[in-house]
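**Q** Below: sequence and its predicted model.
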Amino acid sequence: MKLDTQTLRDLLDEKLPRGQVRAIQSSYKDADRFEKYLTVLQERVPWDEKIVLPFGEHLFIVAKGSGSYVVKCDCGHEFCDYRENWKLEALINVRSTPAQLQEIYPEKMHGHPDYNSLREFFCPGCRTLLEVEAVPPGYPVVHDFLPDLEGFYEDWLGRKLP
Amino acid sequence: MTIVDRSRDLERREARAIGWDGRTALEMLEESERLMAQTGRYQGIDQLELKASDPIRYEKLFSRLRGGLVTARETALNISASPIVKEIGELCFALYTPEGDSVALSTGIIVHVHTMSDAIKYMVRQGYEDDPGIASGDIFTNNDATIGDVHNADVQTIVPIFWEDELIGWAAGVTHEIDIGAKTPGSVPVGPISRFEDGIDLPAKKIGSGDRLWRDHILAGLKGTRTPMYWTLDEKTRLAGCHMIREAVERVVLEEGIDTYKRFIREVIEDGRRSFQSRLRQLTVPGRYRAPAFSEVPFAKEQQLPSYARRDTLMHAPLELRITREGMLELDYEGASAWGYHSMNCTPSAMQGAIWVQLTQLLICNDKVNDGAYFGLRSNFPPGTWSNHSNPQCSTGIAWSFLIPSFTGFVKSFSRALQARGFVEEVLAPYGLTANAFQGGGIDQYGRQSATTNFGLSCVGGGAKMVLDGLDYAAAMWNPEGDMGDMEMWEMIEPFLYLSQRVKPNTAGPGRHRGGSGYECLRLAWKTPFYEMQNIGNGYCFIQAGLWGGYPAATGYRHNVRGSDMLELVEARKPYPLSEPDPASSELQRAVGGRHDFDIEATTLPEVMSHGDLYLCMFRGGAGLGDPLERPYESVQEDIKEGFLLERYAESIYGVVPGDRHATNVRRAELREQRGRRAMPVREWMKQERQRILEHNMIEPVQRMYAESMRLSERWAREFRQFWELPENFDFPVPTPQVELSKAMLAQEAGS
């Protein structure tokens, strides 16, 4: 199915009927989706740096010039070099008591705090909840995604990193 | 020379090799592996000549074989009497090359496409061609996870396909048995602590010839399980399906010619490999992805277990996915914790199967699905860990128990890649755990000995999507076609009535999009003098957090009432509860007398229930996606109305004041401010957490999990110490007997 940029906007804004979403899911994928996605995302952020890679909801890897690429929130807050774990520069709230967990889950449905707790990572700029971890105490902060940006652009897309 | 010796001159001295061009099957397998290693291509194929010269014929060939497999499944399942097979469809069939590589498969539990490949290759490698022999009409079976399976309950039938004395392939089928004759009843027995308790053991055996099952095997099966009728009919189901596949292949060979068939089955696998790598490049981003998962084995309370098994354990799956620039997929479990004296261990075959079932739903869902994808990936399941126990005495009776949670990281990682490429319609948060397993055995309502594994668990909540909420009570990680079966059918074979089957509020993980919801059933033990019932699911650990601010699905709990006065309430025409929407305020606990096991002990060994007792069976939800404060006000209102969310959680999770949009906006702004006040910079928090680690200030099961991972993997230990800036000799002061035993066994194996 040929999916144009406006349909992608509507898909993201959840304006499409379920039947159409289903059809898009089942269809062969459009080869230039990445470019269309970048276009749509770039027009929605309030800053000018070029998005190099979407990095989950609200986060982007952007080009800062001189070969520097950083993780940036759509609110404008910049975390760190994309090769570092942005979570280490975030704010954290740990839910590790029954009372804290019971703000989210009913009693008996939130696990045992001695075995695992919830770590909430917020953007220091806009306080958006960007990631949640469910891990035992003492577990290293998970580095979810370390993209091979150079390999992606040069070997897969066949062009230089912006 | 005596006359007797002389008579043997007439006999054929050596059996003719069954492979192509006078080779043995083993020689064909070795050649295939050599060509793959040398060229990186299946059978060294460079050009897809058949596909290029006549693409329509090529596609028709694939469709005919695929159609033959699907038809075999859809027809053969009608032989079975087991609801698991007949209604839920827990079976699948596949066609293999002579070397054991899958060419095409049916629908169903496609996790087994690669496990059966392992079983065929095992027979080829072990020289079955010479002894016990592989001939037209032979029948083989396997359910040994160390050879090629997930657990004993998945029983395979394998039939060689010959054409003019040459082995041209294998047809194979698998069904999930309702009981496997293990130490405790059912198909996912929670009781075994060693392999010797896992039930019927069929380690790649020949069980028939001349297209007929041998009588000794049939008789042994009747004695081996608590449900001999289901066992026998399931075996006939598998055999009938295999024979239908063989006929479909023979028809294709007759019409297309044997040379075309031989060329096709190789090209189509190389085609599958190329297609997989091409999809990887089209849909993902190269790089490293991590998503660890955890699960508890809460056995310290189980007094009937021996002391060495009577302990609480935390299992660790440090899933790391790597996509290389070359388009290779690598799955790495380096740092996994040790196997244990329980039934929740795995073999590499099971883990490969799980990769398979995930890939077919994530990347290669609408293309030629066969072993080509297997040749496009590498995996590391380190020996001595739960993911590759490497211990001939280790139990894998309920291997799914942690395999399922551990693979939540697989879908989560792929979703990060899919979002980065813009394929937002494919993004999916982690699925729900297929639990609780309502399972047990004893005397049923007809006064007969019986056992059951209820497959209502194959309809839990799916993960939230980026553009939709998760699928409500309709998903199973291991079978793309979720089906809970009919209550009426389950009531026929289980001595438990359904008092209700309802949506379970708050099971779904919250988020901008919530996960799919779970549901619950309240079951009343009916006309049974005793039925041993267990609980299997997560009560201590979330199986995986959601994506990008989405929370994990809720954990589960048990609520079983023994010696209940439920029937007295009914007799007295007093009101009685039908469900438990909120365990924090349980009408079931208030209104019904008896011994309430009402806690987070969601995995237990069997304990007897009898007529009038109650069993609450809670099925889990899927994880959420995105910040819950961004969930539309209307969606939260709808969740409350439809019973997916308890109203009191609208505000604390979503900042929604029901019925007041303006107050909602104000509350959401307040909650955002509150986040800032509650939270602290991660690096500050890390100082506190580091001190906690240095003081070993955590419970023993958590320390043991870390100690096992560190002692089994130097790499993981080094990373752990580096992250927390710990001394080079830092360790946890707890014994890890399984690690030491594994190291000794592996050293002995290496030495021999």
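**A** Structure's in. What do you need?

**Q** quick one, what contacts residue A:94?
**A** By C-beta atoms under 8 Å, 6 or more residues apart in numbering or on different chains, residue A:94 lies in contact with A:117, A:118, A:119, A:120, B:685. For every residue, glycine as well, the C-beta is placed using N, CA and C.

**Q** Can you list the low-confidence ranges for chain A?
**A** A:1 (pLDDT under 70).

**Q** can you give me the helices in it?
**A** For chain A, the helices defined by DSSP state H occupy A:5-12, A:18-26, A:33-42, A:98-101, A:149-150.

**Q** Need these in CSV (columns: distance to chain B and mean neighbour count).
**A** Below are those laid out as CSV (distance: least, C-beta to the nearest C-beta, whole Å; neighbours: other C-beta atoms under 10 Å in any protein chain shown):
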stretch, distance to chain B, mean neighbour count
helix A:5-12, 6, 16
helix A:18-26, 5, 14
helix A:33-42, 3, 18
helix A:98-101, 9, 14
helix A:149-150, 8, 16
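
**Q** Compare the ones you listed and give me the one nearest residue B:533.
**A** With C-beta to C-beta as the criterion, residue B:533 lies closest to helix A:98-101 of the helices of chain A, at 27.8 Å.

**Q** Just the C-alpha atoms of the closest one, please, in CSV.
**A** Extracted in CSV, the C-alpha atoms of helix A:98-101 (Å, rounded to 0.1, in the frame of the first residue of the first chain):
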residue,chain,number,x,y,z
PRO,A,98,3.1,-0.6,48.7
ALA,A,99,1.7,2.9,49.2
GLN,A,100,3.7,4.3,46.2
LEU,A,101,2.8,1.3,44.0
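
**Q** Ramachandran coordinates for residue B:207?
**A** Note on residue B:207: backbone dihedrals following degrees, to the nearest 10 are phi -130, psi 10.

**Q** whoops, I mixed them up, residue B:314
**A** Per degrees, to the nearest 10, the backbone of residue B:314 is at phi -110, psi 120.

**Q** burial of it, as a residue count?
**A** 25 (other C-beta atoms under 10 Å in any protein chain shown).

**Q** Bridged to it, which residues?
**A** In this entry, residue B:314 is beta-bridged to residue B:296, by DSSP bridges.

**Q** For it, give me its contacts.
**A** A:115, A:136, B:294, B:295, B:296, B:297, B:337, B:541, B:701, B:702, B:704, B:705.

**Q** tell me the pLDDT at it?
**A** pLDDT, residue B:314: 98.

**Q** that older thread, make a markdown table from the helices of chain A and add distance to residue B:141 to it.
**A** Output for the helices of chain A, formatted as a markdown table (distance: least, C-beta to C-beta, whole Å):
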| stretch | distance to residue B:141 |
| --- | --- |
| helix A:5-12 | 48 |
| helix A:18-26 | 37 |
| helix A:33-42 | 46 |
| helix A:98-101 | 47 |
| helix A:149-150 | 50 |
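
**Q** For the stretch 301-450 of chain B, what lies in contact range of chain A?
**A** B:314, B:323-325, B:366, B:413, B:416, B:419-426 (C-beta under 8 Å from any C-beta of the partner chain).

**Q** closest to chain A among those residues?
**A** Of all those, residue B:422 has the smallest distance to chain A: 2.8 Å, by C-beta to the nearest C-beta.

**Q** For the residue nearest to that closest one when sequence neighbours are not counted, which residues are in contact?
**A** In space, residue B:422 comes closest to residue A:37 once its chain neighbours are excluded; the distance is 2.8 Å by C-beta to C-beta, 6 or more residues apart in numbering or on different chains. By C-beta under 8 Å, 6+ apart, the contact set of residue A:37 is A:8, A:54, B:421, B:422, B:424.

**Q** Reformat those as TSV; add distance to residue B:61.
**A** TSV is the format used below for those (distance: C-beta to C-beta, whole Å):
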residue	distance to residue B:61
A:8	37
A:54	40
B:421	32
B:422	35
B:424	36
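
**Q** Enumerate the residue intervals of chain B where per-residue confidence is below the cut-off.
**A** B:1-14, B:366-367.

**Q** domain assignment for it?
**A** B:46-274, B:428-626, B:696-751 (automatic domain parsing).

**Q** Residue B:174 falls within a strand, correct?
**A** Yes: under DSSP: H, G, I helix; E, B strand; the rest coil, residue B:174 falls within a strand.

**Q** okay, which residue is most central for chain A?
**A** Nearest to the mean C-alpha position of chain A, by C-alpha atoms, centre = their mean, lies residue A:56 at 1.3 Å.

**Q** Quick check on that residue: phi, psi?
**A** Residue A:56 adopts backbone torsions of phi 100, psi 180, taken as degrees, to the nearest 10.

**Q** how close does it get to residue B:420?
**A** From residue A:56 over to residue B:420 the distance is 8 Å, taken as C-beta to C-beta, to the nearest Å.

**Q** ok, now residue B:686?
**A** 27 Å.

**Q** Please apply the same query to residue A:156.
**A** Counting by C-beta to C-beta, the gap from residue A:156 to residue B:420 is 12 Å.

**Q** Residues that sit against both of these two, list them.
**A** Contact criterion C-beta under 8 Å, 6+ apart; residues shared by residue A:156 and residue B:420: residue B:285.

**Q** which one of the two has more residues nearby?
**A** Using other C-beta under 10 Å as the criterion, residue A:156 and residue B:420 rank with residue B:420 on top: 24 against 20.

**Q** In strands only, show me the contacts of residue A:37.
**A** Among the contacts of residue A:37, the residues falling in strands (DSSP state E) are residue A:54.

**Q** Bridged to residue B:428, which residues?
**A** What pairs with residue B:428, by the bridge criterion (DSSP bridges), is residue B:465.

**Q** Next, count neighbours for it.
**A** By the other C-beta under 10 Å criterion, the neighbourhood of residue B:428 contains 27 residues.

**Q** Check which residues of whichever strand or helix holds residue B:689 are buried.
**A** According to DSSP states H and E, residue B:689 maps onto helix B:682-694. For helix B:682-694, a neighbour-count test (16 or more other C-beta atoms under 10 Å in any protein chain shown) marks B:682, B:685, B:686, B:689, B:693 as buried.

**Q** burial count for the nearest residue to residue B:123 once chain neighbours are set aside?
**A** Leaving out its chain neighbours, the residue that sits closest to residue B:123 by C-beta to C-beta, 6+ apart is residue B:204, at 5.4 Å. By the measure other C-beta under 10 Å, the count of residues near residue B:204 is 21.

**Q** mind listing what residue B:204 touches?
**A** Counting by C-beta under 8 Å, 6+ apart, residue B:204 has contacts B:119, B:122, B:123, B:126, B:128, B:140, B:141, B:142, B:144, B:147, B:148.

**Q** right, and the third one touches residue B:144 too?
**A** No: assessed by C-beta atoms under 8 Å, residue B:123 is found out of contact with residue B:144, at 11.5 Å.

**Q** Residue B:546 and chain A, how far apart?
**A** For residue B:546, the distance to chain A (C-beta to the nearest C-beta, to the nearest Å) stands at 6 Å.

**Q** same thing with residue B:650?
**A** Counting by C-beta to the nearest C-beta, the separation of residue B:650 from chain A is 12 Å.

**Q** Burial check on that residue, number of neighbours?
**A** Using other C-beta under 10 Å, residue B:650 has 22 other residues around it.

**Q** hmm, back to that, and residue B:100, which of the helices of chain A is closest to it?
**A** helix A:18-26 (31.6 Å).

**Q** which residues touch the closest one?
**A** Residues contacting helix A:18-26 (C-beta under 8 Å, 6+ apart): A:1, A:3, A:7, A:11, A:16, B:366, B:425, B:426, B:467, B:468.
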